[in-house]
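Chemist: Model the structure of this input:
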Amino acid sequence: MNTKQVLTEIIHARFAAFKNDDVPGLENHLADEITLWDVFEPQLIRGSDERRAYREADQGQMRARGTLTIKIEEPVIDVWPTFAVARYYLDFSYEPPNPASGRVRITDVFKHADGKWLIVHHHEGLVPTGIPPIA
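Modeler: Purely as a prediction, here's the structure:
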């Protein structure tokens, strides 16, 4: 399996772990020093304490909603000897109660260390729906 396939599998495995409320599966490919921009959180998440609090809140909001459907488009991935960057779109939809849906663009930055690819930065943002009107 080539590196792009490995990274694509990591991406899919992380979101499957989220849907299954599998926190160890979510954390498995994250570097200790990871930073996160989450689509539902306004601040940059840094360090293990912030990540733990964020993860608990994120999993809590997921549990408060209905069934989650996720579709991930094929990532665009560039690979160098010690790092890689993956960019991709994700469509999500929560059923009632508390439905929500959207399209998210995501960037993951990976580093290769000790024979393993780890995410050092994960960035999510809702896809804009157009240009705001000009008054």
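Chemist: Next, the contact list for the one residue sitting closest to the centre of the chain, please.
Modeler: Residue closest to the mean C-alpha point of the chain, counted by CA atoms, centre = their mean, is residue 122 at 6.0 Å. Residue 122 makes contacts with 30, 34, 35, 36, 37, 38, 106, 107, 108, 109, as judged by CB atoms under 8 Å, 6 or more residues apart in numbering. The C-beta positions use only the backbone N, C-alpha and C, and glycine is treated the same way.
Chemist: Could you report the pLDDT at it?
Modeler: The model reports residue 122 with a pLDDT of 98.
Chemist: What strands flank the host helix or strand of it, and is each parallel or antiparallel?
Modeler: If you go by DSSP states H and E, residue 122 is part of strand 116-126. Applying DSSP bridges to the sheet, strand 116-126 is found paired with strand 30-37 (parallel), strand 100-113 (antiparallel).
Chemist: can you list those in a markdown table and add mean pLDDT, mean neighbour count and distance to residue 43?
Modeler: Converted to a markdown table, the strands paired with strand 116-126 look like this (pLDDT from 0 to 100; neighbours: other CB atoms under 10 Å; distance: least, CB to CB, whole Å):
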| stretch | mean pLDDT | mean neighbour count | distance to residue 43 |
| --- | --- | --- | --- |
| strand 30-37 | 95 | 16 | 9 |
| strand 100-113 | 97 | 17 | 17 |
